[in-house]
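Visitor: how would this look folded up:
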Amino acid sequence: MNGKYRRAAKCVRFLGTLAACGALAACGIGNNPQRMAARAQKNLAARNFRAAAVDLENLVARQPNNARLRLELAQAQLHTNAREASVIDFRTAQQLGAPWTAVLPGLAEALLDEGKPQAALDELNKHQAGGTDAELISLRGRALVALRQFSDA
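Guide: Just a heads-up that it's a prediction; the model follows:
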């Protein structure tokens, strides 16, 4: 009997500790926005996009009208195969004031990866305005090939 009670007491202490940790995490202790932003930047630089996306999602939840955070989140999502979310956040970042030059390559890439080459081509044609950026030209070519418009590619 004595052994059973010791195990039960350990289990109760463990569950209490776990509950306390959960309560602290829920309160946001340790989730300083500056620390999260620095950690997200570090993870983006290290190409650890999943970890960066987690921090950026938390930051966007706190600052939903921050265009820079939305753009960084969209880029991280693009690399984690969260294409639909990426498209939404690229569009939101642009609506919040991010420049098209920063939004368009990622948005077109996400649309192409979603299997929407016509939508990607429409965005590129609408906002490229005859630009000579190699990345945009490449994305336009990919969209045209996906649409089987080989003579225009």
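Visitor: in stretch 99-117, what counts as buried?
Guide: 102-112, 116-117 (16 or more other CB atoms under 10 Å). Bear in mind the C-beta positions are built from the backbone N, C-alpha and C, glycine included.
Visitor: nope, stretch 74-81 is what I was after
Guide: Here stretch 74-81 shows A74, Q75, A76, Q77, L78, H79 as buried, counting by 16+ other CB under 10 Å.
Visitor: mind checking which of the buried residues of stretch 99-117 are in helices?
Guide: A102, V103, L104, P105, G106, L107, A108, E109, A110, L111, L112, P117 (DSSP state H).
Visitor: nearest to F49, of those residues?
Guide: The closest of those to F49 turns out to be G106 (CB to CB; 12.5 Å).
Visitor: surely the closest one and A76 touch.
Guide: No. Assessed by CB atoms under 8 Å, G106 is found out of contact with A76, at 10.3 Å.
Visitor: so what sits against both of those two?
Guide: In terms of CB atoms under 8 Å, 6 or more residues apart in numbering, G106 and A76 are not both contacted by any residue.
Visitor: what's the closest non-adjacent residue to L107?
Guide: F90 (4.1 Å; CB to CB, 6 or more residues apart in numbering).
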